[in-house]
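Q: here are the coordinates; sequence isn't available:
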Ligand code: G
Ligand code: G
Ligand code: MN
Ligand code: NA
């Protein structure tokens, strides 16, 4: 495969870049942070999305150095936002972790070092882990995440609701946020809202709050949807209604606009 061959060189050549999609507090519409989403500016194929190369990076092992680069870059960016007087709220940054990174022995030490170098409190970082990456993990496999959570890093369960994890298992995971998959919030767009989707979201929010977890919703595309999800008790929203993923400089403007 052509992409497989040029993937390692791409990191050395600086062909990756990050777009940021704002995370908005639903209660008042303020931007609180952003999710880092990696892209590859391929010299021939143009901009490639994560779906086109993350699985490849995962299977070739490049995900560990690539993930380290994303974390370093995102932490540097969070520091830059915080140093910028235009952002009234100290913005946080969300970084996706792949299953190989969870198995990488130096994950905790490197993450701590990255936060230190950027002068960031651990609470400035949220690591997103998919539900499927944690299914079947035993206590030993969960230890790195638990250590990071104990240090104050926020851990979010990404794409929540699409895996098969049983709900009892959720209690044992060191997570503080459920990130509700877009498929559940789609039904909040139509008028009237899909009553079954409303019940499902209600149930998930109720479960999350019982376990002291906050709820972030993906795929918010309309104001009606944002209102409904806020009324249902979801804390944070992300989606095209607020902003598409974009350059980091835009966070200054967005954060100022609603301050
Ligand atoms: O950017 P886009 O909205 O197309 O994201 C598609 C998927 O790629 C998302 O599910 C996201 O979690 C994943 N993704 C984006 N950036 C990264 C990254 O730096 N590391 C990993 N492991 N996944 C990422
Ligand atoms: O895997 P993950 O859920 O993190 O992927 C996020 C993907 O969803 C990215 O490709 C991102 O560009 C896309 N996305 C972000 N916000 C919206 C939205 O409001 N609607 C839709 N349809 N896609 C979105
Ligand atoms: Mn994510
Ligand atoms: Na997601």
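A: Alright, I've got the coordinates. Model, not experiment: these values are computed from the prediction. Residues are numbered from 1 along each chain as shown. Ligands and ions are numbered 1, 2, ... in the order given.

Q: Can you show me the helices along the stretch 101-250 of the chain?
A: 107-118, 131-134, 139-151, 167-170, 182-185, 195-210, 223-231, 250-257 (DSSP state H, counting those that start in this stretch).

Q: These: which one's closest to ligand 2?
A: helix 182-185 (6.0 Å; C-beta to the nearest ligand atom). Where C-beta positions appear, they are placed from N, C-alpha and C, glycine not excepted.

Q: Could you list every helix and strand in contact with that closest one?
A: Applying 3 or more C-beta pairs under 8 Å, 6 or more residues apart in numbering; DSSP states H and E, we find helix 182-185 packed against helix 195-210.

Q: Give me the residues contacting the helix it packs on.
A: Defining contact as C-beta atoms under 8 Å, 6 or more residues apart in numbering, one finds that helix 195-210 is touched by 160-161, 167, 170, 178, 180, 184-188, 214-215, 217, 228-229, 232-234.

Q: Can I get the buried part of those as one ChimeraX selection?
A: Command for ChimeraX, covering only those of these found buried under the criterion 16 or more other C-beta atoms under 10 Å:
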select :160,161,170,178,180,184,185,187,188,214,215,217,228,229,232,233,234
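
Q: Tell me the residues on the stretch 101-250 of the chain that lie near ligand 3, please.
A: Residues of the stretch 101-250 of the chain lying near ligand 3 by C-beta under 5 Å from the ion: 128, 158.

Q: My guess is residue 127 contacts residue 155. True?
A: Yes: between residue 127 and residue 155 there is a contact at 5.5 Å, judged by C-beta atoms under 8 Å.

Q: what's the overlap in contacts for the two?
A: With C-beta under 8 Å, 6+ apart as the test, residue 127 and residue 155 both reach 145, 148.

Q: Now render the helices of the stretch 101-250 of the chain as JSON lines, adding distance to ligand 2.
A: Output for these, formatted as JSON lines (distance: least, C-beta to the nearest ligand atom, whole Å):
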{"stretch": "helix 107-118", "distance to ligand 2": "20"}
{"stretch": "helix 131-134", "distance to ligand 2": "11"}
{"stretch": "helix 139-151", "distance to ligand 2": "18"}
{"stretch": "helix 167-170", "distance to ligand 2": "19"}
{"stretch": "helix 182-185", "distance to ligand 2": "6"}
{"stretch": "helix 195-210", "distance to ligand 2": "15"}
{"stretch": "helix 223-231", "distance to ligand 2": "9"}
{"stretch": "helix 250-257", "distance to ligand 2": "14"}
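
Q: among those helices, which is nearest residue 244?
A: Closest to residue 244 of these is helix 250-257 (C-beta to C-beta; 9.8 Å).

Q: contacts for that closest one?
A: 20, 22, 30-31, 34, 81, 84, 86-89, 91, 242-243.

Q: Return the subset of these lying in strands.
A: 20, 22, 30, 31, 34 (DSSP state E).

Q: and which of those residues is nearest to ligand 4?
A: Nearest to ligand 4 out of these is residue 34 (C-beta to the ion; 13.6 Å).

Q: quick one: that closest one and residue 24 touch, right?
A: No: the pair residue 34 / residue 24 is not scored as a contact, 9.7 Å apart, by C-beta under 8 Å.

Q: the more surrounded of the two?
A: Each of residue 34 and residue 24 has its neighbours counted (other C-beta atoms under 10 Å); residue 34 has more, 30 against 26.

Q: Disregarding residues adjacent in the polypeptide, which is nearest to the more buried one?
A: residue 20 (3.8 Å; C-beta to C-beta, 6 or more residues apart in numbering).

Q: For the stretch 1-150 of the chain, which residues are neighbours of ligand 1?
A: Counting by C-beta under 6 Å from any ligand atom, the stretch 1-150 of the chain comes close to ligand 1 at 37, 38, 49, 50, 51, 54, 67, 70, 96, 98.

Q: tell me the SS of the residue nearest to the fourth one when sequence neighbours are not counted?
A: So the one you mean is residue 50. Computed as C-beta to C-beta, 6+ apart, the closest residue to residue 50 that is not its neighbour in sequence is residue 38, at 5.7 Å. Secondary structure state of residue 38, per DSSP: H, G, I helix; E, B strand; the rest coil, is strand.
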